[in-house]
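> quick check, what structure comes out for this input:
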Amino acid sequence: MPDKELQEFAVIQTGGKQYKVAVGDVIDIEKLGEYTEGDKIAFDRVIAYDDGASMSVGAPYISDAKVQGLVEAQGPGKKITVRRFRSKSRYHRTYGHRQPFTQVKITSLR
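Numbering: from 1, shown residues only. Okay, here's the model as predicted:
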């Protein structure tokens with residue numbers, strides 16, 4: 001297994017968040033439109049790219065860089081429970097939330 005320090009990686013931005021990705025990584029991101037399993041997707045907001053020898057950083061994005069991925073799954077995420085409580089007033093509410101996500105496997109960088 002190659003060293004993590006010498007491995008090629010990129011930093012992409014999607015859904016208001018930044019992700020460090022390499023070829024073969026599987027990431028869960030905010031839901032991206034109406035994709036189905038097996039669809040190809042391209043991320044063009046690449047913030048940084050490192051090929052092991054040199055690193056390039058965009059201002060804010062690298063214009064000629066792309067990260068390709070394959071949609072593996074979509075659906076609601078893990079359920080979280082939220083409780084609201086006010087003391088001395090007999091007020092308490094409990095509700096849950098499941099954030100939709102898209103699972104993407106990174107196939108190529110650049």
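
> my read is that residue 60 contacts residue 46, right?
No. Contact criterion CB atoms under 8 Å: residue 60 and residue 46 do not qualify, at 10.1 Å. The C-beta positions use only the backbone N, C-alpha and C, and glycine is treated the same way.

> which one's more surrounded, those two?
Applying other CB atoms under 10 Å to residue 60 and residue 46 shows that residue 46 carries more neighbours, namely 23 against 8.

> contacting residues for that one?
10, 11, 12, 58, 61, 62, 65, 66, 67 (CB atoms under 8 Å, 6 or more residues apart in numbering).

> quick one, strands of the protein?
Using DSSP state E, the strands of the chain run over 9-14, 17-21, 26-30, 40-43, 46-50, 55-57, 67-76, 80-86, 91-97, 100-109.

> redo the ones you listed as CSV? Include mean pLDDT.
Putting the strands of the chain into CSV (pLDDT from 0 to 100) gives the following:
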stretch, mean pLDDT
strand 9-14, 96
strand 17-21, 96
strand 26-30, 95
strand 40-43, 96
strand 46-50, 95
strand 55-57, 92
strand 67-76, 96
strand 80-86, 97
strand 91-97, 97
strand 100-109, 96
